[in-house]
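Peer 1: The following block contains a protein sequence and its predicted model.
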Protein chains: 2
Amino acid sequence: MSKVIYDRVALIGLGLIAGSMYHAIKRAGLAREVTGFARSGETRDIAREIGLCDRVCDSVAEAAEGADLVVLCVPIGAMGQVAQDISGVLKPGATVTDVGSVKGAVIEAVSPHIPKGVHFVPGHPMAGTEHSGPRSGFAELFDNRWCLLVPVEGTDQAAVDRLESLWKAMGANVEVMEPDHHDLVCAVTSHAPHLIAYTMVGVADDLRRVTDNEVIKFSAAGFRDFTRIAASDPTMWRDVFLSNKEATLEILGRFTEELFSLQRAIRTGDGDLLFDYFTRTRAIRRGIIDAGQDTDAPNFGRGGSGAGDRASDDRASDD
Amino acid sequence: MSKVIYDRVALIGLGLIAGSMYHAIKRAGLAREVTGFARSGETRDIAREIGLCDRVCDSVAEAAEGADLVVLCVPIGAMGQVAQDISGVLKPGATVTDVGSVKGAVIEAVSPHIPKGVHFVPGHPMAGTEHSGPRSGFAELFDNRWCLLVPVEGTDQAAVDRLESLWKAMGANVEVMEPDHHDLVCAVTSHAPHLIAYTMVGVADDLRRVTDNEVIKFSAAGFRDFTRIAASDPTMWRDVFLSNKEATLEILGRFTEELFSLQRAIRTGDGDLLFDYFTRTRAIRRGIIDAGQDTDAPNFGRGGSGAGDRASDDRASDD
């Protein structure tokens, strides 16, 4: 029994997400052919060398032409241009989707370039590592992670269902969400935490009285988790913050407000306020473990243990 | 050949660190007898039930009497009182140490109660999990982690060396540091990151438009690492912030300053500033991996993989 969901899939941009989609599609036999394109010639060469995509094309139009599903895996700031570049070659009845972490801005940039008869179903797989580039993908990236589909009103339900079945077959759980709500939820669970982690790592790097060597040596004491977040792809994250400006700034405003109240409690010695606050946050952690999004193993702060399914030392930049 | 370093060790306070010390001492046969005391009768009962310590005592004086090494494993705010309570029974030539995350305040609270002829060598094992209580300890906690020893001027060098050899035999790397510098380094690498994580988790919990369920479900996208940090013991962390007030507030001031400049860059659309900042922080992560304090495996955001050396579902509170 064939499990093919789309005859031909085109992956535009060959970084972590596209690479992982390719491997996940092949793992389950979900497409007959996967074409790929990356703007950088170096990335295309690597993709050919390591066999990422059945056919790596030298133009974005060539990759997208005749595809039943075109997946835009480029930074958010490049989505509009790519949509314009492929607009003329899209096959009638095809679906265009994307994997951007912000949905309002992508819908605004891409929608005008989608021809009649082609379905646009924006998507956002909530999975990643701090690695990027064509060598960073792996088939298991989406296993038991969430993929949010964010179709605009009036989208063909059959096209949404078909894309949902692809994501499920790649291992993900799927949920459908409104664009504005998506961008707020991600500002809370992802975008604001990333900016905060970047900031804390930057502060540590700036300090003159604590050496870099000390910061690195003693990082296991909490700081380590921040550096992991703050090692994510700079281009991707620049575009996320610029394109989800309003929601991110709102959450950061709330964050600053709360931080000031905790700072004041420290300054005035209000131990009860601190204790109550910390007790409340502990319960949230329990909820996350119960929801299966993390394990309860005490490997926090322990470099040697855990990890382990696969290692990669490639740090090539995203296309 | 005997590896005994101290004939008798007394562990005061039976939480994560004391429990792990007991198991690490037993693993390598580093003491002939380990006594233990916890303020809470419930904790003492659990300790007896699970065989934590060779002898669990019903008074702190009984546990400390005749010990060659007394380890204060209580929250920082309780150190002074405990030191006073054992002051009269300390054996001449014995060493008193502690495992508090702040050193200036502990030295100030404990030193006045140390009798002549007893050595006080403050210490700080930089290892932990988000778990606490008598069931949370395990022998491997200190393996390849740092333990900082922070002796005050004039401390007997042989006493410092002996304590250093114990920590090394329990698996840790040891470094000696000045108290003020210790408290600043920890404010950067541990205390400020913890407060920031607590704050971000609190903000997410406060939001009305994003449900708790959504925050928990989609936590893998960065937020998850914050909740892990923010699940640490509330009593311990309240005392850390109150007793390392100055350094923590200084770092938080720097942090807020930097955060504001990144917020302004988002508001004004200054993508270059964001990109450069994020590129710089990425390099720090590489340094941490090179220093062996973390692995390069792409399990970030992936609950199912990694972890694994042992699981514990106990969340009993610290004594």
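Peer 2: Structure's in. What do you need?
Peer 1: who touches the host helix or strand of residue A:281?
Peer 2: Using DSSP states H and E, the secondary-structure element containing residue A:281 is helix A:271-290. For helix A:271-290, the external contacting residues (CB atoms under 8 Å, 6 or more residues apart in numbering or on different chains) are A:261-262, A:265-266, A:294-296, B:77, B:130, B:198, B:201-202, B:204-205, B:212, B:215-216, B:219, B:224, B:227-228, B:230-232, B:234-235, B:237-239, B:241-242, B:315. (Each C-beta comes from the backbone N, C-alpha and C, glycine too.)
Peer 1: buried stuff in it?
Peer 2: A:271, A:273-275, A:277-278, A:280-282, A:284-285, A:287-289 (16 or more other CB atoms under 10 Å in any protein chain shown).
Peer 1: In helices, which of the contacts of helix A:271-290 appear?
Peer 2: A:261-262, A:265-266, B:198, B:201-202, B:204-205, B:212, B:215-216, B:224, B:227-228, B:234-235, B:237-239, B:241-242 (DSSP state H).
Peer 1: helices or strands up against the host helix or strand of residue A:246?
Peer 2: In this assignment (DSSP H and E), residue A:246 forms part of helix A:245-268. The elements that helix A:245-268 packs onto, with contact taken as 3 or more CB pairs under 8 Å, 6 or more residues apart in numbering or on different chains; DSSP states H and E, are helix A:179-186, helix A:192-206, helix A:271-290, helix B:192-206, helix B:245-268.
Peer 1: Indicate which one of the ones you listed is closest to residue B:134.
Peer 2: Proximity to residue B:134 (CB to CB) singles out helix A:271-290 among the helices and strands packed on helix A:245-268, at 17.7 Å.
Peer 1: if you average pLDDT over that closest one, what comes out?
Peer 2: In this model, helix A:271-290 carries a mean pLDDT of 85.
Peer 1: Report the angle between that helix and helix B:234-243.
Peer 2: Orientation check (axes from the mean of the first three to the mean of the last three CA atoms, to 10 degrees): helix A:271-290 against helix B:234-243 gives 140 degrees.
Peer 1: and the helices and strands packed on helix A:245-268 as TSV, adding distance to residue B:85?
Peer 2: What follows is these, written out as TSV (distance: least, CB to CB, whole Å):
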stretch	distance to residue B:85
helix A:179-186	51
helix A:192-206	38
helix A:271-290	21
helix B:192-206	29
helix B:245-268	26
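Peer 1: what pLDDT, on average, does the helix holding residue A:246 get?
Peer 2: According to the model, helix A:245-268 has a mean pLDDT of 95.
Peer 1: same deal with stretch A:190-197?
Peer 2: For stretch A:190-197, the per-residue pLDDT averages 91.
Peer 1: go on, stretch A:54-65?
Peer 2: 98.
Peer 1: What residues sit buried inside it?
Peer 2: For stretch A:54-65, burial by neighbour count (16+ other CB under 10 Å) applies to A:56, A:57, A:60, A:62, A:63, A:64, A:65.
Peer 1: Show me chain A divided up by domain.
Peer 2: Split into domains by automatic domain parsing, chain A comes to A:6-177, A:181-290.
Peer 1: And the ones you listed, which one averages the lowest pLDDT?
Peer 2: Among these, domain A:181-290 carries the lowest mean pLDDT (a mean of 87).
Peer 1: What's the end-to-end length of that domain?
Peer 2: Start to finish, the residues bounding domain A:181-290 are 24 Å apart (CA to CA, to the nearest Å).
Peer 1: And for stretch A:105-114?
Peer 2: Stretch A:105-114 stretches 15 Å from its first residue to its last (CA to CA).
Peer 1: Could you check that stretch against chain B for contacts?
Peer 2: No - for stretch A:105-114, no contact with chain B is found by CB under 8 Å from any CB of the partner chain; the gap never falls below 12.2 Å.
Peer 1: residues of that stretch that come out buried?
Peer 2: A:105, A:106, A:107, A:109, A:110, A:113, A:114.
Peer 1: so where does the fourth one fall, helix or strand?
Peer 2: Spelled out, that is residue A:109. helix A:104-110.
Peer 1: So what touches that helix?
Peer 2: A:72, A:76, A:79-80, A:83, A:96, A:98, A:100, A:120, A:122, A:150, A:152, A:179-180, A:182-183, A:243-244.
Peer 1: Mind checking which of the residues you listed are buried?
Peer 2: By neighbour count, with 16+ other CB under 10 Å, these hold A:72, A:76, A:79-80, A:83, A:96, A:98, A:100, A:120, A:122, A:150, A:179, A:182-183, A:243-244 as buried.
Peer 1: Could you look up the SS state of residue A:70?
Peer 2: strand (DSSP: H, G, I helix; E, B strand; the rest coil).
Peer 1: What is the neighbour count of it?
Peer 2: Neighbours of residue A:70 under the rule other CB atoms under 10 Å in any protein chain shown: 29.
Peer 1: That one reaches residue A:96, doesn't it?
Peer 2: Yes - counting by CB atoms under 8 Å, residue A:96 is a contact partner of residue A:70 at 4.8 Å.
Peer 1: which residues are common contacts for the two?
Peer 2: Joint contacts of residue A:70 and residue A:96 (CB under 8 Å, 6+ apart) are A:86, A:90.
Peer 1: Show me the helices in the stretch 1-150 of chain A, by range?
Peer 2: All helices of the stretch 1-150 of chain A, identified by DSSP state H, counting those that start in this stretch, fall at A:16-28, A:41-50, A:60-64, A:79-86, A:104-110.
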